[in-house]
Every structure is written in structure tokens, then in C-alpha cells.
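>>> this one's structure only:
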């Protein structure tokens, strides 16, 4: 699923060009054969030969990795050691102290970890990771809240689309007309990642942000787009209109640098009472699938508590799009 | 939807017999014609003539009402005034001080309000109401928690099935492959009702239980069964196994009286990590659709905080079933 | 549903401009209010005031009508009498001898009926109709077959999307996880319309094409795109590759005139064994939603029998798109 | 999917008892562990140990096999050679001349092939097969038509549920809101099997019935129940009411023998215009899931042509149920 979004986004990219593709079960096939009808491949990439995951076979300036966790553990370091910058959607290295876990609008300064990583590991290349697609549903709207009010606690209940588990990940027998109130391993990621992403870089170390996260992750029969119901306890009392303005006016470094894949607004607040909705909004935005949509902004009954729902396209903003945006940021800041 | 469940449950009932049916848009039709293919009608009730909602036309000992709110406001009092006990699923009179809002396992003592209601209003009959189907998703498991630990705060995120809106209530264009993160009027009910149901009867008045409720209600493409992700702040610290035992061993008056529609256990705790699921569990139980299923019982990160998911059949436990159980309780306690 | 597609297609149209909109239940509202969240309205049309369906209120060169049948019976003639050309998706006048039932690529010569219609009815304006959205699923691929081999008999089994019944037309309770093997009135239309569309204009009369049609129309839980399994008995034996070529190389007058809404190919043959699929292909094409996609082209066991599946976007090619293409043809041939 | 239906049907069977279960990937596990949450297992069978597929380990009077085709090719003959009667849902031996392909109501006389099979192969046991679940959708209603009018040609368009492909067979990404107009290998089976099942046993050989079958098989987002739109050309002209009576009054040997799994009527004709529907009717019947439901009985435009839709529960009538009914017939006729 994610590989295909990469191909579509990169096929028309103003800065980047797909130089090579890799995938262990389809080595030697043409890309169109490798897909075998499970999706569309941009015409100009159809005849690309699938290579093995071997750095010596690659002639490229940067590697995008969306490998399964186990493969990523060994393959990504091989590429980094061989001198390649690697931008990875895999969870294998996300939690290492010297590996940035990056949302370009939120913590671009964490890219400073790269130098530490290189010197510590003796690599010519490096690894930068992107968060779990579910984490992405609520981290961008949290950032301006963190900056203005401080965040004390987070409670997230997600309704995640089947594409988040990969093309064959959720059998139709399991999910048609159903909700599955559990996704293995997901709540752990969703609880840990926001604290690292929103942590402060102090003396070459990320100090995790000082709030805790409770999460309940569920699977629902939607195709694309993870929806979350979010309750945030802020550190200070707030004015609801000021919060709305802070979300709407939030801009990050990618916006200031006008990176090609940066949406004009990372966070868009919807005022209709019943939005955002996955089917209607997951593909929306000036850069399709890149804004996070927030709705139902309101107070909770507890003090300093804000409630909202938010929606992020798990394949674009939550995977291929954020990785491409990260690569653009690496290039624009002279790191690639 | 709900009317049909009544018919099916009552057609085989050991104590009750369907004496008459009413429905304003189909007066004079046979019941099978009135349904027009939108559901099944028990064979022995097919030829029943649909009556107008006029007390004079009725020869019955008790009225079940699942009228729309506006109709219920005027029709139900007419029947009560004419001497009928009315058990109503409508919201029209739920919040009146002298009208019990009843979950038979939770607050049977609130039936004492009936005498007050009769004397105050000068009625021969009376009205007893049942809660909103979504409230029912989490009130039964809260009751033993309230009794043993005390409840301080409640946060509920629901994933509700389309049958909750009635047969034609949710167009397929709206919900296929989608989630709608808002249901008009629902969160207000879900926030108010638990406090009344779990309130104490003091000097002929219900003092609302002293906790607040935050709710986010969403619609998902499931047919039957409302699922909720629940976070409860208790008043005292707790042992998780003791809580599990308290839920599993909870029994109410209907269980002690062995009422026909009372499930052996009002609350069933599931230990599989990914249950309950609406499609698999909404119709389960010794009395089908009557138990509330609880799963994923665990601690939150905050002190004294318990998290779980719970599932209730919105048509049975959340509407027709709870009303029939209420009528059985009225009969068993000599009120009908 | 269809009105919204009109607005989107016309908002960017190179020749046409939306001058006015009408709709009886929302007269006086702004267009964005009239939609009430059931769809998106192009920004520049949001503030348009909804007018009553009264010719005197309209200042326009052509009327697109997607009225319900009963309303169309009276309203469309009023507009035609008042001098407006009316292009209608409604079935009200489709079967009248002097009203063209038009698929611009198939029977543009039937527009000659307009003069007859005007003189017979004494109208300054006229009515041209478009077919039922299901008819459109298979008529374009039939045309080159009719021209080269002759058609003897047609058997069609459809799997139609819920949007074909309008936004609220199919309750989710009816169709989630289900198939409904009947659509009221549909098979009659699907059986009659192809014979008129593919009939010959002789002395100012359309002689129906001399084949019969058997149809079974079903509703399935898809959002957009009607799929049909089609069996055609041809008049002459055929070579399968020649048939494929005939379908692929078929071009009509709209293609020769390069009308803005004409797809480059009215019929596209897919060679993958499992295509076309509604969710993947209904929005495809150079003019999105305008080509009809044909797949699984093969022989039947009977002599001179061809089998295939075909897919048409019921909202675009089957309604708004074909009407706009018809209006373009009227304009390009000097009739408007 | 099918294995679980076997367990549920056999757990309560009046004649049979589950003596052992086998499954290569879960050997040594308890049955409840082998299912791993993908379904329910009857309480009294939960602790059964999964055996390897080795005849020496089995102590049983009859084997039900729902193995994958490749495994069935070698495993089923091993059991037959070792003396076991094998009733198989697999396609591996369906088309062998000396193996009955049985629908107990339709061709019980084909069981005579067993003696031939035994003597030819030198086996103590034997193999009897059941048809593909899609074939079952229309063969039972064809039988009385064949007997009274003769069948000349058959055209079938199916809409098949996802359970037909096994629990993980259809990814939700493939089918949510979609139709896939092709199922690999299905049309070949659906075309060949009816001719063998309805063939005449002459001198120890089945002469295939002298009609041809055209089939288009599609996958739709339903859970259980295969629906087919069927067009039959009969050999003689017919009266529609006589056909209806012939279908309704059709009884086979299982009905005459009052076998436990035999429904009172193998074919039930529904008169509502929009039935049968998979979600409403697939589990219906006195023996749940065993009758085939026929609806929309009507004439086609061609001579001697009958059209109808029919629905069969693919897991029960199409697999486990028909195999159990076959075993009952073997027992009742003294073959087991």
C-alpha cells in the first residue's frame, strides 16, 4: 500500500526521481508484475526492475524504506553504513536515542541527532525515522498546544482504516460490518512516540515530553484515514477561540521553506459538527492527504481539558508523504 | 427496528401476550403489511390490525412505547392518564423528576417514584422509561464499580451501529466505508442519564450521582451493537482482579427474581485481547442480546483509572429487551 | 448526488457557466445551505440562491433537469414551452416518439427529432433526454457490435451502486453486507431504452432496434459505478480479436468534434482478468467517469455469443456527464 | 470457515460423534488454540488434540475432508486405501469417472460408483465428493426442471460472499465497497459440475447431462451466502405456475428417509419481489442453511426460457451441510 503511494508521489516530484526499487519476494520482476493487480503503478515506472536489498546494487542519493520491522533491523543499517541517507517508515530504529523520529513541522531540530548517530556508529550514511501512522493523527495539532499551553495528559481512542495493516492485513471476514477493539502493538507505539517527537533536545539527547498517553486503538471498516477522538489536559487554562486560532495558524519549518510536499496548513480545523470523516476528508488538502483535519473542538468537563477529533491519511501524512517531506527537509537543509 | 424486536421477544414470552399494536402511519393495515418487507414478523402476529394511538381502542394490561420523541410527549401521558402502565423507550419523559429512568439490575428502587408520579399527576396509570441505547453500553458495568470503589469521572467514546438510528436513519451513501464522528443529541443524553440512573433516591427525589461524563459519539458501519471505549476514574485505588471479579459476580434484582428476560449475568468479562466485537458478540448470551460484554480491562496511566471496552445490543439490551425486563419487574413486584 | 456532479463539472467548464439553480424544497436558500453537508459545492457557486422551478425566474440558454419523474412531467414542458432547450436525466419523456433519447456517441442523428417535437407541440424550446444510468453501462460497447455484426439478443445482469438511488435512497440497514436482487422499475427501463437508442430514424420516426433484452438488476454495497455482466447474441459469427479492436477503436461524433466532455475513447477494454471493478475504475479516464470500461471479453458456449462485463460511472457517464456532453453536441451543431 | 461449521453441526448430531480432528499446521495443539480467535468451537470439542493427517492415528468410521486441493490429492486416497469412507468437499477427485459427485437430493443413485471405485482401485474404503459451493446455488432447483421439462442451456451470473474464499481469502482492501468480477477457477467448476451431477448412470458410467453452462462468477462484500441470477432454457414449453409447484414440491431421497440434516424442502420459492437476500436468508430454514432459496421466478424473452435468482449458504448447503447429509445417506443406505 505505502510503496505505491511513494511511487505515485515521486513519479511527479519536482526534486526527486525514482532511481531504483527493491523488494525481496519479487527480485528480478518488472515493477508492474511485482504489483500483480493490487494497485496502480505510474506508467513511467512500470518497467523498473526490482532489485535485491543490497546497497552495492543501488545508485541513489537517498533511500526510502518501508520494510517490515524485522527486515528493517538489518537492511537499513547496511545501507546507512554504505553511505546512504535512509528515511524509514519502519519502527525498527524509531526508539534509538541517536535516531531522529521526525515530523518535519514539529521537531525539525531533532535532525541534529544525525551527526551524533554518524560519529557514534561510524557510518557514512544515517537513518531518520517517521512515526507510526496513528501517532500522526494527533501529533501535529498537539504541537501548537504544547507551545502555548503545555500538555499534561493525553487520551486517544482511534478508529483506524484497514489500509494501515497493509493490503492483505485485515481479512474481509474479520472486519465487514464489524469493529475490532484492539490492534497488536499499536497502543505501545502511540503512547511512546509523541513523547519522543515532542521532547526537547538537550545536550545531544531527546528528553521525552513530560506527559503520559492513554490509548485505545480499534480497527473499523474504512479504507484510508485514521480517525482519533482526542482528550488533552493542558497545563494552563485556555480560551477555545485562541486554541482554534493556534491550530489554524500553526506553520512549521516545511511551510517556511515552502517544501514541495508541505501543505499550506499542517492542521485544518473544520467547523461542520460532523467532520472530519475518513471517506470525505482523507484525500483532501492542497497537497492531497498531507493536512491533518481537526473537528469538534470543544471543552471537556474537567479543568483545562480540550476534546477534539482528528483525521490523518495513514498512507500519505502517516507514511509516504511524511517521509518524502522529511527527505525534502534533509535536502533543503543541506544534509542530502 | 425496535418494534420488530419487541414482537419477536413477546411472541414467545412466558408471561406476556401481544394484545394490540399501534402505529400512526399504518393504521388499519395488517401488521405484516405495515412492515412492508423491512423485517420479519412472527407468524402468529402477522394478521394483527394496526390501531391508532388511542387509549380507548386498547384492551391491555401494559403498554410498551417506542414512539418518536414528539409523539411520545403527548401520547404516553394520554395512556397513563387512562390508567395504563407505560414502559417507554422514548426520551420524552426520561428526565422528569417523578419518572423512573430504569435499568432493572441497577436502580430497581427508583420504581418507588411511580407512586409520587401518580399522586402528583393524578394518573391511574404511570410512565417508566428506559435509557438511551448508548447509555446502556456502560451503565451495567459501572454499577458494581460505583458500589465498591465510587466513581469520580467517566469518559466514553462510542462506535454505534446504524440500527440505532432506525431502519432508514443512516443512508448507505453516508456510512459505507466511513465513520461519522457525531450523532445529534446523543452526547447530551449519554452525559445526563448515567447520573440519574445511578443517583440515590432520597426523600422521593433522585440525587444525581456525583460524577461528570465526557462523551464522543460516533457512527460506524456496523448493523447491531454499540461499542464503547470507557475510561473511569474511581474514588479509591483498586485491584484489577478484584474489579474483574466484581463485574463478573454482579447480579441484580432481576437475577434474584429469575425474571424470564434476565440474563444469568448482566455483565460478562471477555479475556480474549480483541473482544467484544459487535458482529460476533452483539447477539450472544443465554438471553440473546441481554448481557453487556466487557473486554480489555486494564489500568490507565492516571491514578485510580480503569479502562475497558464494552458492547451492548442496542435493539435488545438497549431498547426492547430492557423494556420487557422492566415490565417483568413491575409484574413481579406487584405493580402491574 | 447528480446535481452535485453537475455543479462540479460545470464549475470548470470551458463553454458553460452556471447561471441559476432550482430545487423546490430549498427555494430561497444559498446553495451551500441547500446541500446541508451531504456533499461539496464548488466555492464559486456556494452563494447562488436556489430559485423556484419557474421559467420566468430563469435567465439561461439551456436547462439541465435532474428532477424526480413526477415533477419532470410538468416542469420540463413548461420550460420547453417558454423557449428553453431542456436536457433531462429524468425518465418522464424518454419514451415519447418525438423526444430524442440520446447517447451522443451512439445516436446523434436522433437530434433531428427536435424539429418534429417543436412543430408538433408548438414549443419554442425542446426536450432531449438521456438514458437511465444502468442502460448506459452497456449501450456504448453495443454500438460498434451492432454496426459490424448486428445484435440479436441481449442478457444483462447488473450490480448497481447505492448512489444510483440518490443520497438517501438505500438505507444502510438494507444493504450493508447484502445484495438486493431487485430494483423497482429498473428492468423495464433497461429493456426498453437500448432498443430506442439503437433504433434507426426512418421518416421522422425511430424504429426500435430488432433485438430483445432480458435484465436482472441488483443493488450491491458499492458507492459509485454500475457493473453489468452482459451476454450478446450477435447476428453474424465473429472473431474475438476483431471485436476487441472494434470496441477499442470506436469513436463517435463527440470525439470527432473534440467536445470538451468527450473522452478520447468512449469504450476502454481492460485485459486484466479481474477488471473493471467499481471502486478502482469508476472514476478513471481522461475525462473522469466518462469512458465505459469493458473486461472479460470472451465467447459464450452458444453460437455467435459474446460475453463481457462492463462498468459505467452512474453519476457521470450515466447522468450529469452524458447530459453535459449532449448540451455540448447541441451547441456544436448549432442547435443551442 | 468450513471446518468450524462441521464442528458446530456435528457437536449436536443425533447419529455422529467427532472422534478426531486433523490439520497439518496445528498438529498437537488443542482445537481451541488451533482456531486462535477466528471462530467459535463447541465447548465439548475445545480440548480435542489436533492429529496429523495419518490414517494410522485415526479411529473413526468415516472421514470428512475439507483439505486444500493439493493436500486432498494425496491424503484422501491414503485414507480410502486404509479402509475409511471419505466424504470430501475438495475438488481433487470430483471429476474422476469412478468418484461420485453427490447432491443427496439430486443424484443419490451415483453412489453405485463406489463399488466400481473400490474394485478398480483395490481400496477397502472409498471417496465420495460434494460439489463446489457455487454449483450448489442452482443445482437443486434445476433437478425438478430437468425431470419435468428437460434442460437445454444454463446461464449463471453469481454474486459470491467472501467466506467462500476462506477466512483470509479476500483482503478487506480488495472488496470493501467493491465488486470483483472474476474468481480464479470458479467458472470452470460451475460449468462442468452440473453436467456430471445431473448426468445419467449408464453401465457404471455417468453420461454428462446434455446441456452447456455459461458462468460469470463475481465476488461481492457479503459474508455468507452465494447468490446467482440464473437463466435456463428448457427443452419444452412450460407453465410458470407448474414450474413454481415443481420447485416447491420437489423432495429427494434424504427427505423420504427423513435424514437428520435434510431440510423438509430442498428448494423454497420466495414470492416477495426482492428476495432472497444473502444477509436475510442465508441462515434460514428448518435445518438452518440447508434449503436453497429461489426468487424472482419469471419468463425470459426467449422461448422456453425461465429466469430466477437463487441463494445457497456456501458454508452449510455448499460444504459442511451437504457432506454431513451425504454421510447420513451413506449410513442410511448401509454403506457406512
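That came in fine, so what should we check first? Not measured: the values here are computed from a predicted model.
>>> could you pull out the helices for chain A?
For chain A, helices defined by DSSP state H occupy the ranges A:2-11, A:31-35, A:69-81, A:113-121, A:139-148, A:172-175, A:186-197, A:240-249, A:253-256, A:278-281, A:321-332.
>>> a markdown table please, covering these and showing distance to residue B:164.
All C-beta spots, glycine's among them, are computed from the backbone N, C-alpha and C. Below are those laid out as a markdown table (distance: least, Cβ to Cβ, whole Å):
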| stretch | distance to residue B:164 |
| --- | --- |
| helix A:2-11 | 35 |
| helix A:31-35 | 40 |
| helix A:69-81 | 39 |
| helix A:113-121 | 49 |
| helix A:139-148 | 29 |
| helix A:172-175 | 20 |
| helix A:186-197 | 27 |
| helix A:240-249 | 29 |
| helix A:253-256 | 42 |
| helix A:278-281 | 20 |
| helix A:321-332 | 35 |
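>>> mind putting those helices in a markdown table, distance to chain B and mean neighbour count included?
Listed next are the helices of chain A as a markdown table, based on distance: least, Cβ to the nearest Cβ, whole Å; neighbours: other Cβ atoms under 10 Å in any protein chain shown:
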| stretch | distance to chain B | mean neighbour count |
| --- | --- | --- |
| helix A:2-11 | 18 | 20 |
| helix A:31-35 | 22 | 18 |
| helix A:69-81 | 20 | 18 |
| helix A:113-121 | 27 | 16 |
| helix A:139-148 | 15 | 21 |
| helix A:172-175 | 9 | 24 |
| helix A:186-197 | 8 | 22 |
| helix A:240-249 | 15 | 15 |
| helix A:253-256 | 27 | 17 |
| helix A:278-281 | 4 | 22 |
| helix A:321-332 | 21 | 24 |
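>>> just so I know, which of those helices lies nearest residue D:279?
helix A:172-175 (14.4 Å; Cβ to Cβ).
>>> just to revisit the earlier point, what's the least confident stretch among the helices of chain A?
Mean pLDDT is lowest for helix A:31-35 among the helices of chain A, at a mean of 86.
>>> Go ahead and confirm residue A:205 touches residue A:97.
Yes. With contact defined as Cβ atoms under 8 Å, residue A:205 reaches residue A:97; the gap is 6.6 Å.
>>> quick one on the thing from earlier: for the helices of chain A, which one sits closest to residue D:51?
helix A:172-175 (25.9 Å).
>>> give the contact list for residue A:333.
By Cβ atoms under 8 Å, 6 or more residues apart in numbering or on different chains, residue A:333 lies in contact with A:108, A:111.
>>> Got the confidence number for the spatially closest residue to residue A:82 that is not a sequence neighbour?
For residue A:82, ignoring the flanking residues on the chain, the nearest one in space by Cβ to Cβ, 6 or more residues apart in numbering or on different chains is residue A:55 at 3.6 Å. pLDDT recorded at residue A:55 is 94.
>>> now do the one 4 residues further on
Looking at residue A:59, its pLDDT reads 93.
>>> Also the one 3 residues further on?
If you check residue A:62, the pLDDT there is 98.
>>> burial measure for whatever residue of the stretch 1-150 of chain A ends up closest to chain D, as a count.
Closest residue of the stretch 1-150 of chain A to chain D, Cβ to the nearest Cβ: residue A:1 (7.2 Å). For residue A:1, the count of nearby residues is 21 (other Cβ atoms under 10 Å in any protein chain shown).
>>> So it is in contact with residue D:174, correct?
No. Look at residue A:1 against residue D:174 with Cβ under 8 Å: they stay out of range, at 11.7 Å.
>>> and for these two, which residues touch both?
With Cβ under 8 Å, 6+ apart as the test, residue A:1 and residue D:174 both reach residue A:167.
>>> Leaving out sequence neighbours, find the closest residue to residue A:90.
Nearest to residue A:90 is residue A:72, by Cβ to Cβ, 6+ apart, at 3.5 Å.
>>> Could I get the contacting residues of the residue lying closest to residue A:35 once chain neighbours are set aside?
Leaving out its chain neighbours, the residue that sits closest to residue A:35 by Cβ to Cβ, 6+ apart is residue A:41, at 5.5 Å. Neighbouring residues of residue A:41 by Cβ under 8 Å, 6+ apart: A:4, A:7, A:31-32, A:35.
>>> In JSON lines: these, plus distance to residue A:120.
JSON lines is the format used below for those (distance: Cβ to Cβ, whole Å):
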{"residue": "A:4", "distance to residue A:120": "35"}
{"residue": "A:7", "distance to residue A:120": "34"}
{"residue": "A:31", "distance to residue A:120": "36"}
{"residue": "A:32", "distance to residue A:120": "41"}
{"residue": "A:35", "distance to residue A:120": "39"}
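>>> from those, which two are the most distant?
Comparing every pair within the contacts of residue A:41 by Cβ to Cβ identifies A:4 and A:32 as the most remote, at 11.4 Å.
>>> ok, back up a step: on the pLDDT front, check the residue nearest to residue A:35 for me.
In this model, residue A:41 carries a pLDDT of 87.
>>> Next: residue A:222.
Per the predicted model, pLDDT is 98 at residue A:222.
>>> From residue A:182, how far out is it?
Distance, residue A:222 to residue A:182, using Cβ to Cβ, to the nearest Å: 17 Å.
>>> the more surrounded of the two?
Per other Cβ under 10 Å, whichever of residue A:222 and residue A:182 has more neighbours is residue A:222, with 29 against 18.
>>> OK, now which residue of the stretch 51-200 of chain A is nearest to chain C?
The minimum distance from the stretch 51-200 of chain A to chain C, using Cβ to the nearest Cβ, falls at residue A:177 (4.8 Å).
>>> what's near enough to touch that residue?
A:221, B:221-223, B:278-279, C:176-177, D:223.
>>> Also residue A:143?
A:103, A:105-106, A:198, A:250, A:252.
>>> And the residue of the stretch 1-150 of chain A closest to chain D, how far from residue A:192?
In terms of Cβ to Cβ, residue A:1 sits 24 Å off from residue A:192.
>>> Also residue A:181?
21 Å.
>>> Find the nearest non-adjacent residue to residue A:248, please.
Once flanking residues are discounted, residue A:248 sits nearest to residue A:269: 5.3 Å by Cβ to Cβ, 6+ apart.
>>> How many residues are close by the one you found?
Neighbourhood size, residue A:269 [other Cβ under 10 Å]: 20.
>>> thought it was touching residue A:250?
No. Contact criterion Cβ under 8 Å: residue A:269 and residue A:250 do not qualify, at 10.0 Å.
>>> where do the contact lists of those two overlap?
Here residue A:269 and residue A:250 have no joint contacts, going by Cβ under 8 Å, 6+ apart.
>>> tell me the strands in chain A, going along the chain?
Secondary structure of chain A (DSSP state E): strands at A:21-22, A:50-51, A:63-65, A:85-88, A:126-129, A:151-160, A:200-202, A:205-207, A:212-219, A:226-234, A:267-269, A:292-299, A:305-312.
>>> ok, the residue nearest to residue A:129 when sequence neighbours are not counted to residue A:292 distance?
Nearest non-adjacent residue to residue A:129, counting by Cβ to Cβ, 6+ apart: residue A:94, 4.5 Å away. Residue A:94 is 19 Å from residue A:292, where distance means Cβ to Cβ.
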